[in-house]
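Undergrad: Test case, fold it:
(one chain, ligands or ions: 2)
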Amino acid sequence: MTQTGTLTGAQARSLEPIQARTQEATGEAALGTAQETARPEADREGDQGREQDLRSATRLGMIVAVANQKGGVAKTTSVASLGSAFAELGKRVLLVDLDAQACLTFSLGVDPDAVTVSINEVLVVRGVSARDAIVSCADGVDLLPSVIELAGAEAQLLPRPGREYVLRSVLEPLRQDYDVILIDCSPSLGVLTLNALTASQGVIIPMPCEMLSHRGVGQLLDTITDVKAILNPGLEVFGILPTLYDGRSKHARAVLADVGERYGLPVLSPPIPKTVRFAEAPALGRSILTTSRSSKGARAYREVATSLLPRFQPVLAEHTG
Ligand code: ADP
Ligand code: MG
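TA: Ligands and ions are numbered 1, 2, ... in the order given. All right, here's what the predicted structure looks like:
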């Protein structure tokens, strides 16, 4: 039997030091051993038990949907930039393009017209493995690419029993290969977005700091409530990500101040500033984190990724037998 369980805070805190001790035969590791001789026997036994648990367990990465049924709110930009930021932080990252417009695929330097196996075949054709579709990209992230034909996937999935669970069954086996899996959703609340929300442990909602951007967020939250009630009780909203933020505008500041309270949701910080650098990056096939390393937009995405790290603690699945 396989048991799964989220790391407790204490387990999470103990994870990195234990890994350092088990994986690195460095001077630091030797220091750790010297310090241990001064610690009580019971403590050391506890550590050994935890080390054994970690060695016999598989670490499963977290799947997070980046969703908002409005177009142009920076979903794709956020997936590419956060993915790149997590890769910089040493995480193994998979990005999933779930939009038939294939903007994420294109902006990571992959020509959608040259893709032979895409997320479309993986979802629609039985027996096609996601591993056959994954490509490595320049920003240190892997990608499950999209193609225009994905536009027909909704209709093809509709008559399938359990149609909302197809993506989950595709991504679940990949969780042992990646720490972070981010899904770039299409601008709709159709079957593909329901698949993304059903497959995910978390959801991030990018939202420009402009008056009309609020419209539709209530509808998305209703959908999330329905998904939690029926399809995926564990789904958690990690927060609203304020995008296209112009700190000089009084209006933008007012929207930012209001948004968390209005929806009773965490607001991720810092807001992502509006900067022309973002328009230039996709044409170069890289995210802004590499095309414009120290721009304030790149720095903001790095800070948001770092603040999200505690949310991306791996889940342990124990091996037995
Ligand atoms: P979505 O995926 O929600 O449709 P995109 O990520 O494609 O949104 O972004 C829409 C447009 O806004 C793109 O042209 C992108 O380059 C631009 N953009 C995204 N974020 C920013 C930003 N912080 N500043 C300026 N332009 C941005
Ligand atoms: Mg997009």
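
Undergrad: tell me the centre residue of this protein?
TA: By Cα atoms, centre = their mean, the mean C-alpha position of the chain lies nearest to L182, the distance being 3.0 Å.

Undergrad: That one: what's it in contact with?
TA: V64, A65, V66, V79, L82, G83, V93, L94, L95, V96 (Cβ atoms under 8 Å, 6 or more residues apart in numbering). Where C-beta positions appear, they are placed from N, C-alpha and C, glycine not excepted.

Undergrad: Secondary structure class of the fourth one, three-state.
TA: This points to V79. helix (DSSP: H, G, I helix; E, B strand; the rest coil).

Undergrad: What number of residues are in the vicinity of the nearest residue to it once chain neighbours are set aside?
TA: Leaving aside its sequence neighbours, V79 sits nearest to D184 (Cβ to Cβ, 6 or more residues apart in numbering; 4.2 Å). Under the neighbour criterion other Cβ atoms under 10 Å, D184 is assigned a count of 29.

Undergrad: Name the SS class of the residue of the chain found nearest ligand 2, please.
TA: Going by Cβ to the ion, ligand 2 is nearest to T76 of the chain, at 3.3 Å. Here T76 takes the helix state, with states given by three-state DSSP.

Undergrad: I figured it hits D99, correct?
TA: Yes. Counting by Cβ atoms under 8 Å, D99 is a contact partner of T76 at 7.3 Å.

Undergrad: what residues do the two have in common as contacts?
TA: Shared contacts of T76 and D99, defined by Cβ under 8 Å, 6+ apart, are found at D184.

Undergrad: So out of everything in the stretch 151-300 of the chain, what residue is nearest ligand 1?
TA: For the stretch 151-300 of the chain and ligand 1, the shortest gap (Cβ to the nearest ligand atom) falls at F278, measuring 3.6 Å.

Undergrad: Counting by contacts, list what the strand or helix carrying that residue packs against.
TA: Per DSSP states H and E, F278 falls inside helix 277-280. Packing contacts for helix 277-280, counted by 3 or more Cβ pairs under 8 Å, 6 or more residues apart in numbering; DSSP states H and E, involve helix 288-291, helix 296-308.

Undergrad: Point out the most buried one among those.
TA: Comparing those by mean neighbour count (mean count of other Cβ atoms under 10 Å), helix 288-291 ranks first with a mean of 22.
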